[in-house]
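> Provided below for reference: sequence and predicted model.
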Amino acid sequence: MSLEKFKVALQYCTPQHTLSRIVGSLAASKNKFISQTFIKQFARAFNIDLSEAQIENFAEFKSFNEFFTRALKPDARPIDFTENVLVSPVDGEVSQAAKINQDSLIQAKGHDYSLTTLLGGDEENARPFQNGEFTTIYLSPSDYHRIHMPCDGTLTKMIYVPGKLFSVNQATTRNVPGLFARNERLVCFFDTEFGEMAMVLVGAMIVASIETVWAGNITPPAGSRSFTWHYSGKDQISLKKGQEMGRFKLGSTVILAMPENTVEFDHYFKAEAKVKLGESIATISTVTGA
């Protein structure tokens, strides 16, 4: 067994949720000794530069979570507001940018997984995206960890899907079948100018929680129950391109799914490409008037 496969195998016997909740409690601590110890060690390990952040002094962060989800200066990530342009929702590395084959998405070479399962197991939720386009963007520990809208959108539904908490780095992606459809995740459905868009925020090992601007922390309950929230009428939530929609408290991955023949990815937006929030990733080719 290779070292990579051995490291992945260890994750199967690690108490993923317990470890993640313990780390989450420490990350939320406002005890100065705990928070500054974590912040300094993390900053040293990942060579963190605060020159783009609104707070440029490590000592001013009250908790590790506040440091990790730090806001950027207003001009740090210019948003491409060109008409019919879809922008990256995050800083990260492109894992995949490809066509959905009926109900199948590419995870890595030799590994596909189910769109229906990813979106919570309901075929009706997956049907609008069959044969459409999708992209998977991985956020490394050193990346900016707030998530923004790739286009204007109106939230219609949100689903919390319980699951495992495997790491989502390249090694695990290559070796854990159906990784993104197995991990804990939050699925957000938006009405957009080109039709429905699914935005999936995937949890991972030691990701304490996923937060949205409209619901705050999504605190996963114990057990295996899925939860669904519907938004309409007075509960309707509309967000503009570039507006923050959520954040990861440690880790992880964002997956976008769009309907067939609605977007065309830019030629440079492909696997292993680095991308910044607000940069163009695709041209919107179909406007529905939704």
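Looks like it arrived, so ask away.
> what about the residue nearest in space to the middle of the chain, distance to Tyr113?
Centrality entry for the chain: nearest residue to the mean C-alpha point is Val254, 2.7 Å, by CA atoms, centre = their mean. Look at Val254 and Tyr113: by CB to CB, to the nearest Å, they are 16 Å apart. Where C-beta positions appear, they are placed from N, C-alpha and C, glycine not excepted.
> could you do Pro128 as well?
Taking CB to CB, one finds Pro128 at 18 Å from Tyr113.
> roughly how far does the residue lying closest to Lys99 once chain neighbours are set aside sit from Ala27?
Leaving aside its sequence neighbours, Lys99 sits nearest to Glu133 (CB to CB, 6 or more residues apart in numbering; 6.0 Å). Distance, Glu133 to Ala27, using CB to CB: 35 Å.
> ok, the two, which is more surrounded?
Shown here are Glu133 and Ala27; by other CB atoms under 10 Å, Ala27 has more neighbours (25 against 21).
> can you pull the contacts of that one?
Phe38, Ser63, Phe64, Asn65, Phe68, Ala208, Lys249, Leu250 (CB atoms under 8 Å, 6 or more residues apart in numbering).
> for it, which non-adjacent residue is spatially closest?
Phe64 (4.3 Å).
> same deal with Asn57?
Leu50 (7.4 Å).
> tell me the secondary structure for that neighbour?
coil (DSSP: H, G, I helix; E, B strand; the rest coil).
> right, and it touches Glu56 too?
Yes. Look at Leu50 against Glu56 with CB atoms under 8 Å: they come within range, at 4.6 Å.
> of these two, which one has the most company?
Leu50 (16 against 12).
> quick check on that one: phi, psi?
phi -100, psi 10 (degrees, to the nearest 10).
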